[in-house]
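# dropping a prediction and its sequence here:
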Protein chains: 2
Amino acid sequence: MPCSCTKLKAILETRSKSVSSPFSLTILGAGGALPVPGRFPSAQYLQINQQGFLIDAGEGVQMQLLQLGISHHRIRHIFISHLHGDHYLGLMGLLFSMHLSARKQELHIYSHSGLDEIILLHLRHAKSVLGFPIHFHHLSPGTHECILDHDELTVSTIPLNHRIACSGFLFKEKSGPYRINKEVLPEEMLLQHIVQLKSGKDVVNENGEILFDVATYTLPPHKCRSYAYCSDTAPHDQLADIIKNCDLVYHEATFLTADSQRAKETFHSTAEQAATLAKQATINRLLIGHISARYKDAEKLLEEARVVFPNTFLAEEGKSYTVGG
Amino acid sequence: MPCSCTKLKAILETRSKSVSSPFSLTILGAGGALPVPGRFPSAQYLQINQQGFLIDAGEGVQMQLLQLGISHHRIRHIFISHLHGDHYLGLMGLLFSMHLSARKQELHIYSHSGLDEIILLHLRHAKSVLGFPIHFHHLSPGTHECILDHDELTVSTIPLNHRIACSGFLFKEKSGPYRINKEVLPEEMLLQHIVQLKSGKDVVNENGEILFDVATYTLPPHKCRSYAYCSDTAPHDQLADIIKNCDLVYHEATFLTADSQRAKETFHSTAEQAATLAKQATINRLLIGHISARYKDAEKLLEEARVVFPNTFLAEEGKSYTVGG
């Protein structure tokens, strides 16, 4: 069915919004294993277009979501890096609250094995059955593999080097569609032609003649944006390759260089080591967190990181960071 | 060994402080099952002399302790009323923090069965062994019995009427020692005579003659103070007798009277029911909490309670309440 050029332009306006749509990270908690006043343990909310992803769920995560006005109804996928308390003890409370808020939508939880056993035990003793289905996805320790292949993005594990099985997560937009060049849109173009061009293929008629070619009528897809979460870990050889050229990376920086022996013993990183990785991987921007409670002044860790990688920032609770663009 | 009268008076000054020593309740959280901004789930800190007791441990309890400057090193006994998440999900984080803070002192946990299994499962998956011993004490559902007989107080369970096994806790000072009347202290009185008189017995010589009699040299012991914690519960026949004449009672008041059907279905109480119990039991002061998240204005619940029992107050997070005296 032919479609007027004005109508087509309106459709394209709407679609282009989804191409340059939000990709942002909100820090819910960036403290270390021991909480200090005003620092919650690890938890992050990642929004990609209309999808909400929760990364780690330290104690208090549901209060932080409430405080920041982020509805937990938006979350369909929860990624837990490892089973140390400061990374997941807020999950059970969040699940109970989802249940009490009459959630029906399924929830996917990605974690190393054990978390399902813990959740089921809590439910058994509470004599509760959640009103929504949970799909558990077990992570394989030490691997870098795709665990979620979504319309708009993929999520892959990042092998980390910690005392127990621990994985980071790499969120990567898929190559977006070719963008129709609205400046050269002809009256005779139909909606199905647009779909064909956006897939990167020329539009040909039944005789094989090219009606509209990709080179003339489209612009190249937007650059794919990417975010990597790396906590908790000692330095790991494979990391630089996996997070290569990422727009934004969160990396733990538990210790100052002066305490690097302690970092080694506890399978954590110094701020300087996090920054060295960022430099090697030529990423765009580095956020550091998981600062040990022993340091009253986190700025010192930032200073050590910036000597190596100037585009480093402290992950601030309640603050949102745009990924790419 | 004889002891000068001045020295004895100094000793008695010190001892008398401990008789009128603090007995206070600090509210760490008094929210309902669903958190709302600024309301933490159930948790209370009770201080009796130098002893700290934790009653319930909702999510965020360790942050609340930190925020209020209460060291968790003071806590030796933790009482968990029941295994619904809003009453104990902060416990595991607190235990990990105690461990990371190099605690060595033993800890006693009183709970219905299941909590030990949950704690051990968390520890197993974290591959952690706590650096201090925990003694689990299982509560018997539906009973009113002494579970801790301490030098200065007893703690007894209060049978509550909830969807799963649930107990409240009654903290009662023991009858204190007779108080030496310093106004009539003779020079020839020895330290061992003081000890004898404080136990309520006359001091006699080897011939059976009374040297110092209790009636002349002592004042009666201070009134014993008491605090009762009752959450979560529907009204229960035995309650009024058990908390009879308590100085301070915390009772859940999840619903307004208009929602009493919902209260019944969920085994909770209305503010009016809590106040009716307070009146029947002729207690001194009532604190209400565990207000449902559906009520934006908790004052309405307070109003309904005060119609029945005027000396009712809303349990305010961060606020301390003196018990008795």
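That came through, no problem.
# tell me the pLDDT of the most far-flung residue of chain A relative to its centre.
Most distant from the centre of chain A: A:N207, at 46.7 Å, with distances by C-alpha atoms, centre = their mean. The confidence metric pLDDT takes the value 92 at A:N207.
# how much space separates it from B:H268?
Counting by C-beta to C-beta, to the nearest Å, the gap from A:N207 to B:H268 is 76 Å. (Glycine included, C-beta is placed from N, CA and C.)
# what's the burial count for A:Q51?
Neighbourhood size, A:Q51 [other C-beta atoms under 10 Å in any protein chain shown]: 16.
# got a list of what it touches?
Applying C-beta atoms under 8 Å, 6 or more residues apart in numbering or on different chains, we find A:Q51 in contact with A:R74, A:R76, A:H77, A:H150, A:E152.
# A helix includes the third one, no?
Going back to what we said before, that points to A:H77. No - using DSSP: H, G, I helix; E, B strand; the rest coil, the assignment for A:H77 is strand, not a helix.
# chain neighbours aside, what residue packs nearest to A:G31?
Nearest residue to A:G31 in three dimensions, chain neighbours excluded: A:R39, at 3.4 Å (C-beta to C-beta, 6 or more residues apart in numbering or on different chains).
# surely the one you found meets A:E317?
Yes - using C-beta atoms under 8 Å, A:R39 is in contact with A:E317, at 6.8 Å.
# show me the common contact partners of these two, please.
Taking C-beta under 8 Å, 6+ apart as the contact rule, A:R39 and A:E317 both touch A:G29, A:A30.
# now do the helices in chain A.
A:5-19, A:61-67, A:91-100, A:115-126, A:191-198, A:214-217, A:239-242, A:260-265, A:271-280, A:299-308 (DSSP state H).
# any chance of TSV for the ones you listed, columns mean pLDDT, mean neighbour count and distance to chain B?
Below are those laid out as TSV (pLDDT from 0 to 100; neighbours: other C-beta atoms under 10 Å in any protein chain shown; distance: least, C-beta to the nearest C-beta, whole Å):
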stretch	mean pLDDT	mean neighbour count	distance to chain B
helix A:5-19	54	13	31
helix A:61-67	95	23	5
helix A:91-100	97	23	5
helix A:115-126	98	18	4
helix A:191-198	88	17	43
helix A:214-217	92	15	51
helix A:239-242	98	17	23
helix A:260-265	97	14	13
helix A:271-280	98	23	20
helix A:299-308	98	18	19
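# which one, of those helices, ends up nearest to B:T254?
B:T254 lies closest, by C-beta to C-beta, to one member of the helices of chain A: helix A:91-100, at 12.5 Å.
# shouldn't A:R225 be in contact with A:C246?
No - the criterion here is C-beta under 8 Å, and A:R225 misses it with A:C246 at 9.0 Å.
# looking at those two, which is more packed in?
Using other C-beta under 10 Å, the more surrounded residue of A:R225 and A:C246 is A:C246, with 24 against 20.
# run through the residues that contact that one.
Residues in contact with A:C246 (C-beta under 8 Å, 6+ apart) are A:L170, A:S226, A:Y227, A:A228, A:A281, A:I283, A:N284.
# what about the third one, how many residues nearby?
Same thing as A:Y227. A:Y227 has 30 neighbours, counted by other C-beta under 10 Å.
# and for the fifth one?
A total of 20 residues lie near A:A281 under the criterion other C-beta under 10 Å.
# I figured it was touching A:Q238, is that so?
No - contact criterion C-beta under 8 Å: A:A281 and A:Q238 do not qualify, at 10.9 Å.
# report pLDDT for the closest residue to A:I48 other than its chain neighbours.
Spatial nearest neighbour of A:I48, chain neighbours left out: A:F23 (5.1 Å); criterion: C-beta to C-beta, 6+ apart. We have a pLDDT of 93 for A:F23.
# how close does A:Y178 sit to chain B?
Going from A:Y178 to chain B by C-beta to the nearest C-beta, to the nearest Å gives 45 Å.
# am I right that A:T157 is in contact with A:G168?
Yes - with contacts counted by C-beta under 8 Å, A:T157 reaches A:G168, the gap being 7.1 Å.
# what is the end-to-end distance of stretch A:37-44?
18 Å (C-alpha to C-alpha, to the nearest Å).
# number of nearby residues for A:E183?
7.
# and it, what pLDDT?
A:E183 is assigned 87 on the pLDDT scale.
# what's near enough to touch it?
Not one residue lies near A:E183 by C-beta under 8 Å, 6+ apart.
# from A:T218, how far out is it?
As judged by C-beta to C-beta, A:E183 and A:T218 stand 11 Å apart.
# so who does the closest residue to chain B within the stretch 201-325 of chain A touch?
Here the stretch 201-325 of chain A gets closest to chain B at one residue, A:A293, 8.4 Å apart by C-beta to the nearest C-beta. Residues in contact with A:A293 (C-beta under 8 Å, 6+ apart) are A:G31, A:G32, A:A33, A:L34, A:P35, A:V36, A:R39.
# how does it look with 7 Å?
Residues in contact with A:A293 (C-beta atoms under 7 Å, 6 or more residues apart in numbering or on different chains) are A:G32, A:L34, A:V36.
# burial measure for the last one, as a count.
To tie it back to what came earlier, the one meant is A:V36. A:V36: 16 neighbours (other C-beta under 10 Å).
# so what's it closest to, chain neighbours aside?
Spatial nearest neighbour of A:V36, excluding adjacent residues (C-beta to C-beta, 6+ apart): A:A293 at 4.8 Å.
# residues in the stretch 101-250 of chain A within reach of chain B, list them.
Applying C-beta under 7 Å from any C-beta of the partner chain, we find that the stretch 101-250 of chain A lies next to chain B at A:G114, A:E117, A:I118, A:L121, A:H122, A:H125, A:A126, A:K127, A:R163, A:I164.
# in the residues you listed, find the pair that's most separated.
Within these, A:K127 and A:R163 form the most distant pair, 34.4 Å apart (C-beta to C-beta).
# quick one: which of these two has more around it?
Higher neighbour count among A:K127 and A:R163: A:R163, with 16 against 11, using other C-beta under 10 Å.
# the more buried one against A:K264, yeah?
No - the pair formed by A:R163 and A:K264 falls short of the contact definition of C-beta atoms under 7 Å, at 11.6 Å.
# overlap in contacts of the two?
Listed as contacting both A:R163 and A:K264 by C-beta under 7 Å, 6+ apart is no residue at all.
# circling back to that earlier point, and of the residues of the stretch 101-250 of chain A next to chain B, the nearest to A:H82?
The closest of these to A:H82 turns out to be A:I164 (C-beta to C-beta; 5.7 Å).
# the closest one: neighbour count?
Neighbour count of A:I164, defined by other C-beta under 10 Å: 16.
# wait, it sits on B:S128?
No - contact criterion C-beta under 7 Å: A:I164 and B:S128 do not qualify, at 9.0 Å.
# contact partners for A:F255?
With C-beta under 7 Å, 6+ apart, A:F255 has these contacts: A:R262, A:A263, A:H268, A:T270, A:S292.
# can you name the residues bridging to the fourth one?
In this structure, A:T270 has the following beta-bridge partners (DSSP bridges): A:F255.
# how far away is it from B:L100?
Taken as C-beta to C-beta, the span from A:T270 to B:L100 is 19 Å.
# now do A:Y45
From A:Y45 to B:L100 the distance is 26 Å (C-beta to C-beta).
# check A:L54 too.
As judged by C-beta to C-beta, A:L54 and B:L100 stand 25 Å apart.
# same question for A:L121.
Distance from A:L121 to B:L100, by C-beta to C-beta: 24 Å.
# and what of A:D56?
In this view, A:D56 and B:L100 are 18 Å apart by C-beta to C-beta.
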